[in-house]
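1. my questions concern the predicted model and sequence given below.
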Protein chains: 2
Amino acid sequence: MAMKRVAASALRAFTSSGDSTSSLVTRHLHASPGSKKIVGVFYDAKEYAAKNPNFLGCTENALGIRQWLESQGHQYIVTSDKEGPYCELEKHIPDLHVLITTPFHPAYVTAERIKKAKNLQLLLTAGIGSDHVDLKAAADAGLTVAEVTGSNVVSVAEDELMRILILVRNFVPGHHQVITGDWNVAGIAYRAYDLEGKTVGTVGAGRIGRLLLQRLKPFNCNLLYHDRLKMDPELENQIGAKFEEDLDKMLPKCDIIVINMPLTEKTRGMFNKDRIAKLKKGVLIVNNARAAIMDTQAVVDGCSSGQIGGYSGDVWNPQPAPKDHPWRYMPNQAMTPHISGTTIDAQIRYAAGVKDMLDRYFKGEDFPPQHYIVKDGELASQYR
Amino acid sequence: MAMKRVAASALRAFTSSGDSTSSLVTRHLHASPGSKKIVGVFYDAKEYAAKNPNFLGCTENALGIRQWLESQGHQYIVTSDKEGPYCELEKHIPDLHVLITTPFHPAYVTAERIKKAKNLQLLLTAGIGSDHVDLKAAADAGLTVAEVTGSNVVSVAEDELMRILILVRNFVPGHHQVITGDWNVAGIAYRAYDLEGKTVGTVGAGRIGRLLLQRLKPFNCNLLYHDRLKMDPELENQIGAKFEEDLDKMLPKCDIIVINMPLTEKTRGMFNKDRIAKLKKGVLIVNNARAAIMDTQAVVDGCSSGQIGGYSGDVWNPQPAPKDHPWRYMPNQAMTPHISGTTIDAQIRYAAGVKDMLDRYFKGEDFPPQHYIVKDGELASQYR
């Protein structure tokens, strides 16, 4: 099985190098024997690092793989310092072989950094998503880019359902009253609803969207989904959601819209002023996918006018969100920092996934195919 | 059908009056012809009243039944002023026939008030629950007490699931960072988990508890329930929860405990210091039932020491919670004012239920049997 995958990979590499018009320089996809320099960029946990032995995704605990890497003779540098020409990351760019990044504290891997990283072979996301990586530059440089597919799907689906309920039931103003010493049931209730009976549409019904729909089923909603393809009828029936081929026909039907698609050149800025104007007045939007799918100012304007009744998500553009990001201060938002895919359970999953891919890389084996974002100079289909 | 119910009721009244040792004075259970004075005590919505035409549960919109009542010649007084000897409610106590109250802004119906209310026949709860009513005094005075059973069950079950997710996923500190201009993923993530795989136990599996368990099913948790009776095996299998006969054997197994039982003399103060000490360290507790089931200070101490990892609910003792109520300021709380059963959808349901019971009262018909809390001098079984 591994043999077969290696053979196929070799064949594709051969095909690529045979294309003399391509600027592609395929770097070694797999490690040559000997010590590798691996750099991980994570968030600092400081006083929180010691509070939970399973808190693996921070610089201090470094995915729990330091001992394993060092016992094999590899060098493992971990930092949270990732911005500007004098940061710790920048120092290691010229000679690192593997760079591990995370969407929760993204190290931006620009074309310029890729050009400087002469030894770089492998970019791993500890988690899911690589829009902090210039994928075209990575592909052109012949790098392999991979993520731990599936590590976050349950986490994000649960988080989306939590956010739907928080918006529909108007939790945030209620909690705010509690901590400010207030008690005004009317000020909460006039816009608090049950989820039951509402129309919920997901834009994208990949793994996360499907897990969300499954969890929504007992709430007796009207469930809709838009995607490139209709689900298998049996699965669709089990999930109880209706396929909507035309996105712009689905959206105005929805009381609640959930964004479940990757950021691509097609989806960037998709929810702009015009599209938001066509939604149901007071629509609730949950977006744990990527912030740049929304037009930032159009969301602020929609929340301010009441066209959007509530907006919740954990993704921002850029990340970390600056102190003056307008989504922090718009009305009826229920935002958090980028957190949904970095629960302790998710960290255990993505730390294990990164370790497995490093192990395969050292041994010259392919990764589980669904983990690839860029392989052999080509983007995986969902990123095109 | 109506005949049959009236006959049964008459029979019970006969039996009661035959007991010469009882102090029971059965007041007229049904209205005599003519105008009735009906008083409703609701919360004021002020500027919010006009913001939503379905916002029925406030003084301004008065359940939407004013025109209907007045067109039949009844007098309908509505107020939010319910405390102390000079309040608006107190003025009407001596001659009202029907008093409508709500748990969201409870008018305390004490033995003293009942004694003064010589014309009082009917106490209706717009919503669910009557622990603001001295039920023994009401029973002794021969009053009928009824609620709109079922009006809140979906609302509360949804709200409980929201609160479970908020606690498990550590939403509140994340949102707090957003509004304070902060960004510290570690400070949220070190105690954020997925719900999947956790053990959730409900204390009480009546209508709300069952609806909660149904909604929890797709989350792949380990579901437990404690109640007086085991469910029908088919229902239990469909819900996927395991019966625990011994409460104190169930509780230490739970990562998350949800309170779903009425306040009675047996359940008052049930979660005291000793019982909380026996729970799993870091247990999450959701209580939308009644606050007095908890020992107030034991909850504060548990949250402060970390024995309780998070506490969320919408019920307080007393209500409205005073500004210095310690639950407002204890760590890891995700509290709101009493709100879960007064969503707009729930208001529509309980306004319709109250109207229906008034209509039956005017016509001398019985209510749907599940609505009674006190009838013919006796408490309904779930309140004993």
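-> Nice, thanks for sending it over. What you see is a predicted model; the values in this text were computed from it and never measured.

2. contacts only, for residue A:102.
-> By C-beta atoms under 8 Å, 6 or more residues apart in numbering or on different chains, the contact set of residue A:102 is A:41, A:42, A:43, A:57, A:125, A:126, A:127, A:342. The C-beta positions use only the backbone N, C-alpha and C, and glycine is treated the same way.

3. how does chain A divide into domains?
-> The record's domain split for chain A, according to automatic domain parsing, is A:33-149+A:343-383, A:153-335.

4. quick one: residue A:72 and residue A:362 touch, right?
-> Yes: applying C-beta atoms under 8 Å, one finds residue A:72 in contact with residue A:362, separated by 7.1 Å.

5. those two: which is more packed in?
-> Of the pair residue A:72 and residue A:362, residue A:362 is the one with more neighbours under other C-beta atoms under 10 Å in any protein chain shown, namely 16 against 12.

6. ok, and for whichever helix or strand that one is part of, which residues are buried?
-> Here residue A:362, judged by DSSP states H and E, is contained in helix A:344-363. Neighbour counts over helix A:344-363 (16 or more other C-beta atoms under 10 Å in any protein chain shown) mark A:344-355, A:357-358, A:360-362 as buried.

7. swap in stretch A:37-46?
-> The neighbour-count check on stretch A:37-46 (16+ other C-beta under 10 Å) flags A:37, A:38, A:39, A:40, A:41, A:42, A:43, A:44, A:45 as buried.

8. which one among those residues gets closest to chain B?
-> Within the buried residues of stretch A:37-46, the smallest distance to chain B is 3.7 Å, found for residue A:45 (C-beta to the nearest C-beta).

9. circling back: quick one: the domains of chain A as a markdown table, columns for mean pLDDT too.
-> What follows is the domains of chain A, written out as a markdown table (pLDDT from 0 to 100):
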| stretch | mean pLDDT |
| --- | --- |
| domain A:33-149+A:343-383 | 95 |
| domain A:153-335 | 97 |
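
10. make TSV out of the ones you listed and add distance to residue B:171.
-> Listed next are the domains of chain A as TSV, based on distance: least, C-beta to C-beta, whole Å:
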stretch	distance to residue B:171
domain A:33-149+A:343-383	11
domain A:153-335	6
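
11. now the stretch 151-300 of chain A against chain B: closest residue?
-> Counting by C-beta to the nearest C-beta, the stretch 151-300 of chain A gets nearest chain B through residue A:174, at 3.2 Å.

12. so who does that residue touch?
-> A:188, A:192, B:314, B:336, B:337, B:339.

13. all helices for chain A, in order.
-> Along chain A, the segments classed as helices by DSSP state H run A:2-17, A:66-71, A:88-92, A:111-116, A:135-140, A:153-168, A:171-179, A:185-189, A:207-216, A:233-239, A:247-250, A:273-277, A:296-305, A:344-363.

14. of those helices, which is nearest residue B:49?
-> Of all those, helix A:185-189 sits nearest to residue B:49, with 7.4 Å by C-beta to C-beta.

15. residue A:375 versus the closest residue to chain B within the stretch 251-384 of chain A, what's the distance?
-> Closest approach between the stretch 251-384 of chain A and chain B, counting by C-beta to the nearest C-beta: residue A:336, at 3.2 Å. Counting by C-beta to C-beta, to the nearest Å, the gap from residue A:336 to residue A:375 is 33 Å.

16. what about the two, which has more around it?
-> Between residue A:336 and residue A:375, counting by other C-beta under 10 Å, residue A:336 is the more crowded of the two (29 against 21).

17. list the contacts for the residue nearest in space to the middle of chain A?
-> Centroid-nearest residue in chain A: residue A:129, 4.1 Å away (criterion: C-alpha atoms, centre = their mean). Contacts for residue A:129 (C-beta under 8 Å, 6+ apart) come out as A:103, A:147, A:262, A:290.

18. now, the most widely separated pair of those residues?
-> Spanning the widest gap among the contacts of residue A:129 are A:147 and A:290, at 13.6 Å by C-beta to C-beta.

19. more neighbours: the two, which one.
-> Between residue A:147 and residue A:290, counting by other C-beta under 10 Å, residue A:147 is the more crowded of the two (28 against 22).

20. okay, and the beta partners of that one?
-> Counting by DSSP bridges, residue A:147 is bridged to residue A:125.

21. who are the contact partners of it?
-> A:124, A:125, A:127, A:128, A:129, A:130, A:371, A:373.

22. repeat that with 10 Å
-> A:101, A:103, A:123-130, A:133, A:350, A:353-354, A:357, A:367, A:370-373, A:380 (C-beta atoms under 10 Å, 6 or more residues apart in numbering or on different chains).

23. try residue A:356
-> A:148, A:365, A:367, A:368, A:371.

24. which one (most neighbours) among those residues?
-> Of these, with other C-beta under 10 Å as the count, residue A:148 tops at 26 neighbours.

25. quick one: that one and residue A:351 touch, right?
-> Yes: using C-beta atoms under 10 Å, residue A:148 is in contact with residue A:351, at 8.7 Å.

26. give me the common contacts of those two.
-> What both residue A:148 and residue A:351 touch, as defined by C-beta under 10 Å, 6+ apart, is the set A:126, A:127.

27. ok, and for stretch A:73-92, which residues are buried?
-> For stretch A:73-92, a neighbour-count test (16+ other C-beta under 10 Å) marks A:74, A:76, A:78, A:79, A:80, A:82, A:87, A:89, A:92 as buried.

28. which ones among the residues you listed map onto strands?
-> A:76, A:78, A:79 (DSSP state E).

29. what would those residues look like in JSON lines with distance to residue B:258?
-> Shown next, in JSON lines, are these (distance: C-beta to C-beta, whole Å):
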{"residue": "A:76", "distance to residue B:258": "44"}
{"residue": "A:78", "distance to residue B:258": "40"}
{"residue": "A:79", "distance to residue B:258": "42"}
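
30. distance of residue A:354 relative to residue A:371?
-> 10 Å.

31. anything in contact with each of these two?
-> With C-beta under 10 Å, 6+ apart, residue A:354 and residue A:371 have common neighbours A:124, A:125, A:146, A:147, A:148, A:151.
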